[in-house]
Each structure stands twice: as C-alpha cells, then as structure tokens.
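Undergrad: Got a predicted model here, sequence first, then my questions.
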Amino acid sequence: MSTADDPAGDPTADDPAGDPTVDWAETERWVPTSDGHELHLRQVRPGAGDGGAPGVLFLPGLFADGGFFLGRSGQGPAKAFLDEGFTAYVASLRGHGPSRWPERRAYDWNFDTYVRHDVPDLIRAVSAAHDGPLFVLAHSMVGYAALAALGVDPDLQKRLAGVATVSSAVNDYSDGGLSKRAQMTFSSVISRLVGRFPARALKQGRCDEPPGLMRQFAAWAPSGAFRSADGATDYWQALGQVTLPVLVGIGAGDTFHASPARARKLADHLGGGAEFTLFGRETGLSWDPGHVDVIRGARAQEQVLPRLVAWMRGTSPAGDARGGATDDTTTDDTTKE
C-alpha cells in the first residue's frame, strides 16, 4: 500500500453475512459546513429504541466514507452498537461519499479544515438532535482530528459523554523505516501533481484526499510535529485541553500506519488521563489485529466491538443526558422506515 495513513477498501468486504430481520429506522441528512460543503449524516436507530438511548457518532478515517462503519446492506462495525440499542450517526466528511460539494468542486482543504469545521459541525448537529448520552467513535486519522478539535474548542466536550479512537496515531518516522519515508513522499508529490491524492485510481480507498492534507502528513513526520499548516496551532499542546473520557485503542499488529507506541503517545498528551487499550493476544484476543481488521470483520465483531460497547456503557452513568442542544442546522431530511 502506498498511502500516508489507512485504506478504506470496500465497506462491505470481510464483514459477516447480513441479517435481513433487523428492524431499524433510518434518516439521512446533510450538515452544512464551511465553503459550501454539506456533510452526509445517516441516523439509524433500533426500531424499539427510546429517546434516551446512548448514541454514537461514527467518523471514518482517510480515504473512507460512512460505509466503512455501516454499509447499505446493514453491515459494518456500527451494527454491533445498533444491536445493543445504541443510535448510530454515521458521517462522511467533505468530499467523501454522499457529502455534497459546492458549485466549485476543488480539493482545497487540509487537516485543519477537519479540525476547525467538519468534526465540530458534525458534533454540534448530532448533539442537537440526540437526547441521550453521545459518544464519538473515530478511526485512524479522524481519531486524532476529533481529539484536536476538542482541544482547540474545549466547549465541544460538553456535548459528549466520551470519545473512542481506534487505530489513531499521528504519523512520524519512528517506525516504518525507509518504506514509510518513500510512501509519505510519494503521497505528497503525486497529490501536488494531480491536484488530489488519487486513492480510487490507486485502489487505496473509496475517496480521494486533498494535497494540503498530504503535505501536512509529510511535514509532520520528520520531527514528530502535529500542528496546523500555518504553524499557529500546536495540536500536541491543544490535546492537553481534552479532559472528557477517552479510550485510545490500537491493534497489536498495527505497526505501520499506526503503532502501539504512537497511540500511547497520543493518549499521554490528553489532559484527562485517557484509557489506553491494546487489542491483541496479550489482552485476550485470538489474534493481533492490524489497522483495519481491529474494527472490521467477524473477529472484530466478536472480540473487539463488545469491549467498545462495554466501555461506553461503563462511561455513561444512568440518567446522563448530555447532548440535546437546540442549534441543529441539518438540511434535507429523508426518512426510511
């Protein structure tokens, strides 16, 4: 694989067979954000769910859309939460999946855009619509983007009961050797030449990414920096403002796109004493998961996702009613029963 972070792949690949008997109610909407973009958001709730049930905002990583967490067939990691009575809010960032482009279609954003706009706007919209405790579950790059967003704007934390990141670790050259250096450089150069990183053409994922994002990855890696493109915001420092409950999970076999050491570094920078969780044989799993199979596939459904469900249930006390603000700005609802 020749990318700076993680592959999205086919959102229905390696997931268990579908269950045609599921009884869910689904609503689609679009959340307005900066520069005329509108972010796709699916709200899916169990048919017998109640208004005070916990909810999860699912944020997919690089090259992925919401199908990474829940495909149209009803399969994906979010199903494990729906089966436990959670309401699922499955999002796609700008330029990804069904999210709507402005009239001028250009890959003109970067990591800072996700931090300052996409993630906060999604949290505000979902917390305004949800009555019970609300969590975020984010994969890979968007995990540390979400934590950076909460550090840059700490008031956002009041809208959430907790955050779980899986396979999230800021990339640097502390592991991966020459291969990582070559791939990071390749990603930055080809993005500049083509005007975007052509993930679809290179069969690295479903969604292309902007060159500004790839340049930031390449700029951070040599020194282990984690900062805005203009250098004004040190995200490592901002993470110290994150004090709500956070679980930072990583597969023991994830040794390139992320790694246990770099995930622990992320956890250690958080201000609230985050829970670091290693998923692997030494913690009771039947295998040492990698970057994607730690959260997708039959083994993840049986051995990893129940642990995330349990953490959220244990973190959210009975009667916690975080969320439910009134500044919902979503548009174009389409309900499917």
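TA: Structure received.

Undergrad: With adjacent residues omitted, what lies nearest to residue 289?
TA: Residue nearest to residue 289 in three dimensions, not counting chain neighbours: residue 251, with 3.3 Å by CB to CB, 6 or more residues apart in numbering. Heads up, the C-betas are built off the backbone N, CA and C, glycines and all.

Undergrad: Please name the bridge partners of that neighbour.
TA: Residues in a beta bridge with residue 251, per DSSP bridges, are residue 279.

Undergrad: Report how many residues lie close to it.
TA: Applying other CB atoms under 10 Å, we find 27 residues neighbouring residue 251.

Undergrad: My guess is residue 23 contacts residue 46. True?
TA: Yes: applying CB atoms under 8 Å, one finds residue 23 in contact with residue 46, separated by 6.9 Å.

Undergrad: between those two, which one's more packed in?
TA: Higher neighbour count among residue 23 and residue 46: residue 46, with 19 against 10, using other CB under 10 Å.

Undergrad: now the helices: where do they sit in this structure?
TA: For the chain, the helices defined by DSSP state H cover 78-82, 111-113, 119-129, 141-152, 177-194, 211-220, 235-238, 260-269, 298-303, 305-315.

Undergrad: Hmm, residue 95 is touching residue 213, no?
TA: No: counting by CB under 8 Å, residue 95 does not reach residue 213; the two are 10.3 Å apart.

Undergrad: Mind listing the shared neighbours of the two?
TA: Common neighbours of residue 95 and residue 213, counting by CB atoms under 8 Å, 6 or more residues apart in numbering, are residue 109.

Undergrad: who's more crowded, these two?
TA: Higher neighbour count among residue 95 and residue 213: residue 213, with 27 against 23, using other CB under 10 Å.

Undergrad: Report the separation between the closest residue in space to residue 188 that isn't next to it in sequence and residue 134.
TA: Spatial nearest neighbour of residue 188, excluding adjacent residues (CB to CB, 6+ apart): residue 218 at 4.0 Å. Distance from residue 218 to residue 134, counting by CB to CB, to the nearest Å: 34 Å.

Undergrad: okay, the two: which has more neighbours?
TA: Set side by side, residue 218 and residue 134 show more neighbours around residue 134, with 26 against 19, by other CB under 10 Å.

Undergrad: and the more buried one, what is it in contact with?
TA: Taking CB under 8 Å, 6+ apart, we find residue 134 in contact with 54-57, 126-127, 159-161, 322-323.

Undergrad: can you tell me which of those residues are in strands?
TA: Residues of these located in strands (DSSP state E): 55-57.

Undergrad: Let's see the pLDDT reported for the residue nearest to residue 188.
TA: pLDDT for residue 218: 93.

Undergrad: do the same with residue 1
TA: On the pLDDT scale, residue 1 gets 36.

Undergrad: Quick check: residue 113 touching residue 95?
TA: No: Residue 113 lies out of contact with residue 95 (CB under 8 Å); the separation is 9.9 Å.

Undergrad: Against residue 127, how distant is residue 284?
TA: In this view, residue 284 and residue 127 are 34 Å apart by CB to CB.

Undergrad: For these two, indicate the residue with more neighbours.
TA: Between residue 284 and residue 127, residue 127 has the larger neighbour count (other CB under 10 Å), namely 24 against 9.

Undergrad: Leaving out sequence neighbours, find the closest residue to that one.
TA: The shortest distance from residue 127 to any non-neighbouring residue, by CB to CB, 6+ apart, is to residue 159 (3.7 Å).

Undergrad: what's the spacing between the one you found and residue 244?
TA: Residue 159 sits 10 Å away from residue 244, going by CB to CB.

Undergrad: How about residue 166?
TA: 17 Å.

Undergrad: Between the two ends of stretch 261-278, how far is it?
TA: 10 Å (CA to CA, to the nearest Å).

Undergrad: What of stretch 226-244?
TA: Separation of the first and last residues of stretch 226-244 by CA to CA is 21 Å.

Undergrad: Surely residue 181 is in contact with residue 171?
TA: No: if you go by CB under 8 Å, residue 181 and residue 171 don't touch, sitting 10.9 Å apart.

Undergrad: neighbour-wise, which of these two wins?
TA: Neighbour count, other CB under 10 Å: between residue 181 and residue 171, residue 171 has more, with 24 against 14.

Undergrad: Can you pull the phi/psi pair for that one?
TA: With angles defined as degrees, to the nearest 10, residue 171 sits at phi -80, psi 140.
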